[in-house]
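> coordinates only, no sequence provided:
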């Protein structure tokens, strides 16, 4: 019994924090009054308090309270007792490192599998995949493992970017990077463009938003899938 | 007694492999007839043989022979006996993982510190810094450590990219990523644009090429430095 929103990004260009998702979140969290926020990914290195304030301001618009996991004595108990959980974006290495350091990964997996509504954006979405090997982030800290929650049977690449046709930059395109990933790893990867999200309800995984997403499988040409496509048997 | 070229990229836009560097390399390798090539970074997942062929074709233009490290029974001995060494680009995680797996990092550090001429491009440049924490690559494998050769007293960010002013993409800029790095790590970072390289001769480290480079220090505003700037006391 799973109930997740796995979003590519928290914020669209010219938008404000979470605004494009609020109608969806109002429904997703309709039976919830307080959301437990995991600020570990620390975007731009901001503090857990600063990050939690930012999230509070967004959720007040749909009448939800927010409490940061760092405000609790015992983070494992905080997760067990949470009505709902949101993990925000930032740096995936920092996030995963903190999840291991606080020994909360197994508990997080357990409560989400048992139905606690979950929202992830960016780094918070990356960790829903089998591993964090398809993050776009800089490896600024060394986590004890790249294994993540495995709440879906594939890996996620948030902020998916198409190759720029007129680019003069010689760094690898996202597609090349994911091809390199498949030289070493078997699982499919979903490239989620900004504005897209996955809705997970029990065993169903559907693409939501107006955009197509790009699906990469080992030794196959990538394909585009339409919104509402069922992804539970990738 | 060090003698290194640490280049941002192997290839410029509209250029061919290594061409812009060949005049510099002709001088750098002037006393060398055969270069030991380390193909471990496997760009786009190509094989060690394929990658070594590509490198041979470039170096034949300046009359140098190339031998891949994978062609030797014992990679440690190959490094000890090398007249010169080139580590090519690709995926830094894959490269560092293979360097650890083959147990060659210490030997590589030792021979380069004792004067074996070295060339690195992209991932092969990243490993000259203190750690690989400022790579741009996707973490497609999990290396045993992020510690690298420490041949210079800072970290390197190759393929440095300025923020795009009119970008609508919400992923972090390179500058933001390096700022996040400094929330957890003390060492300076040199953002090397494509076309720039560092020339290391004994204790001198100089920026070469026509472009400025961007230097990031913890808790300071980044600065631009000109070609020929001495970087040994960053």
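Here it is on my side, so go on. Here the structure is a predicted model, which means the values were calculated and not measured.
> and the residue nearest the centre of chain A, helix, strand or coil?
What sits nearest the mean C-alpha location of chain A, by C-alpha atoms, centre = their mean, is residue A:125, with 0.9 Å. Secondary structure, DSSP: H, G, I helix; E, B strand; the rest coil: residue A:125 is helix.
> all helices for chain A, in order.
Remark: helices assigned in chain A by DSSP state H are A:22-28, A:48-59, A:75-81, A:92-101, A:105-113, A:123-126, A:174-182.
> worst average pLDDT in those?
For the helices of chain A, mean pLDDT drops lowest on helix A:174-182, to a mean of 92.
> relative to helix B:92-101, how tilted is that helix?
Per axes from the mean of the first three to the mean of the last three C-alpha atoms, to 10 degrees, the angle that helix A:174-182 makes with helix B:92-101 is 30 degrees.
> the strands in chain A, which residues?
Secondary structure of chain A by DSSP state E: the strands cover A:3-7, A:34-38, A:65-68, A:85-87, A:118-121, A:155-157, A:189-191, A:197-201, A:204-208, A:213-216, A:223-225.
> how about the second one: buried residues?
Put plainly, it is strand A:34-38. Going by neighbour count (16 or more other C-beta atoms under 10 Å in any protein chain shown), the buried part of strand A:34-38 is A:35, A:36, A:37, A:38. From N, CA and C alone the C-beta is placed, and that goes for glycine too.
> tell me what it is packed against?
helix A:48-59, strand A:65-68, strand A:85-87 (3 or more C-beta pairs under 8 Å, 6 or more residues apart in numbering or on different chains; DSSP states H and E).
> can you tell me the average pLDDT over it?
98.
> paired strands for that strand, with orientation please.
The strands beside strand A:34-38 in its sheet (DSSP bridges) come out as strand A:65-68 (parallel), strand A:85-87 (parallel).
> give me whichever of those strands is most buried.
Mean neighbour count (mean count of other C-beta atoms under 10 Å in any protein chain shown) peaks for strand A:85-87 among the strands paired with strand A:34-38, with a mean of 25.
> for that strand, give the mean pLDDT please.
98.
> contacts for that strand?
A:35-38, A:40-41, A:55, A:66, A:79, A:95, A:108, A:111-112, A:116-121, A:123-124, A:127 (C-beta atoms under 8 Å, 6 or more residues apart in numbering or on different chains).
> off-centre distance for it?
9 Å (C-alpha atoms, centre = their mean, to the nearest Å).
> same question, stretch A:84-95
Worked out by C-alpha atoms, centre = their mean, stretch A:84-95 lies 7 Å from the chain centre.
> can you tell me the distance between the two ends of it?
18 Å (C-alpha to C-alpha, to the nearest Å).
> before we move on, what about stretch A:26-33?
Start-to-end, stretch A:26-33 (C-alpha to C-alpha) is 11 Å.
> ok, now how distant is the residue lying closest to residue A:17 once chain neighbours are set aside from chain B?
In this structure, residue A:17 finds its nearest non-sequential neighbour in residue A:58, 4.9 Å apart by C-beta to C-beta, 6 or more residues apart in numbering or on different chains. Distance of residue A:58 to chain B, given as C-beta to the nearest C-beta, to the nearest Å: 15 Å.
> what's the burial count for residue A:58?
Residue A:58 has 20 neighbours, counted by other C-beta atoms under 10 Å in any protein chain shown.
> wait, isn't it in contact with residue A:21?
No: in this structure, residue A:58 is not within contact of residue A:21 by C-beta atoms under 8 Å, at 9.1 Å.
> what does stretch A:39-51 rub up against?
Taking C-beta under 8 Å, 6+ apart as the rule, stretch A:39-51 contacts A:37, A:52, A:55, A:68-70, A:87-92, A:94-95, A:98-99, A:122-124, B:172, B:176, B:179-180, B:182-183.
> can you list the buried residues in it?
For stretch A:39-51, by 16+ other C-beta under 10 Å, it's A:39, A:40, A:41, A:42, A:43, A:45, A:46, A:48, A:51.
> name the nearest of those residues relative to chain B.
residue A:45 (3.4 Å; C-beta to the nearest C-beta).
> what about burial for the contacts of stretch A:39-51, which qualify?
A:37, A:52, A:55, A:68-70, A:87-92, A:94-95, A:98-99, A:122-124, B:172, B:176, B:179-180, B:182-183.
> farthest residue from the center of chain A?
Farthest-from-centroid check, chain A (C-alpha atoms, centre = their mean): residue A:168, 30.5 Å.
> mind checking pLDDT for it?
75.
> quick check: it touching residue B:13?
Yes: at 3.9 Å, residue A:168 counts as touching residue B:13 under the criterion of C-beta under 8 Å.
> can you report how many residues lie near residue A:33?
10.
> one step back: just put the strands paired with strand A:34-38 in TSV and tack on distance to residue A:6.
Below are the strands paired with strand A:34-38 laid out as TSV (distance: least, C-beta to C-beta, whole Å):
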stretch	distance to residue A:6
strand A:65-68	19
strand A:85-87	10
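> quick one: stretch A:118-137 near chain B?
Yes: when contact is scored as C-beta under 8 Å from any C-beta of the partner chain, part of stretch A:118-137 falls within range of chain B: A:132, A:133, A:134, A:135, A:136, A:137.
> run a quick neighbour tally on the second one.
Spelled out, it's residue A:133. By other C-beta under 10 Å, neighbour count at residue A:133 equals 24.
> quick one, grab the pLDDT at it.
pLDDT, residue A:133: 98.
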